[in-house]
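1. show me the folded form of this:
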Amino acid sequence: MPEKNYHLEIESDPNNLITIEEFVNYFAKDLQLGEEKLSALLLSVTEAATNAIKHGNKCDVNKLVKIDVNVEGDTLRIIVKDEGEGFDPAKVPDPTEPDNLLKDSGRGLYLMKVYMSDLKFNITPTGTEAIIELKI
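-> A predicted model of the protein is given here:
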């Protein structure tokens, strides 16, 4: 597949999640991805963006969430960047532990790990990047 790039910037308002869904639908259609990959991407990119908006940027509309999508060969890489202070992924409670099963939050990272080929975090001086990859 030829190299392709897509970019979106939104204010840190949870109401903008619909824009992110439309963005994912757009590039998935452009890349002719199947329903299963589209579902996995919608879930994962929305989770990463929700974390960026709520946890990274604390819903501060003066802070942006930037999403960069890049296709190289058979790898679709999505970087969701906030302007927050970062976090330690190892300190996020495991949602499959019995004590955490009924909690409302904490499943996003787990679901991204399950549905994507790879999930990494890059803490930078200007914000945190969630880097998710999917083999296409």
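
2. give me the neighbour count for Phe23.
-> Per other CB atoms under 10 Å, the neighbour tally for Phe23 reads 18. Using the backbone N, CA and C atoms, a C-beta is placed for each residue, glycine as well.

3. ok, the residue nearest to Tyr115 when sequence neighbours are not counted to Glu47 distance?
-> Excluding the flanking residues, the one nearest Tyr115 by CB to CB, 6 or more residues apart in numbering is Ala40, at 4.0 Å. Separation of Ala40 from Glu47 (CB to CB, to the nearest Å): 11 Å.

4. which stretches of this structure form strands?
-> In the chain, the strands defined using DSSP state E lie at 4-11, 64-72, 75-81, 118-124, 127-135.

5. buried residues, the second one. List them.
-> The reference is to strand 64-72. Leu64, Val65, Lys66, Ile67, Asp68, Val69, Val71 (16 or more other CB atoms under 10 Å).

6. show me what it pairs with in its sheet, parallel or antiparallel.
-> strand 4-11 (antiparallel), strand 75-81 (antiparallel) (DSSP bridges).

7. and of those, who's closest to Asp99?
-> With CB to CB as the criterion, Asp99 lies closest to strand 75-81 of the strands paired with strand 64-72, at 28.3 Å.

8. tell me the buried residues in the worst-scoring helix or strand of the chain on mean pLDDT?
-> Every helix and strand of the chain was ranked by mean pLDDT, DSSP states H and E. The lowest is helix 108-115, at a mean of 88. Under the neighbour-count criterion of 16+ other CB under 10 Å, helix 108-115 has Gly108, Leu109, Tyr110, Leu111, Met112, Tyr115 buried.

9. stretch 33-50 too?
-> Using 16+ other CB under 10 Å as the test for burial, stretch 33-50 gives 33, 37-38, 40-50.

10. deepest in the core, which of the strands paired with strand 64-72 is it.
-> strand 75-81 (a mean of 20; mean count of other CB atoms under 10 Å).
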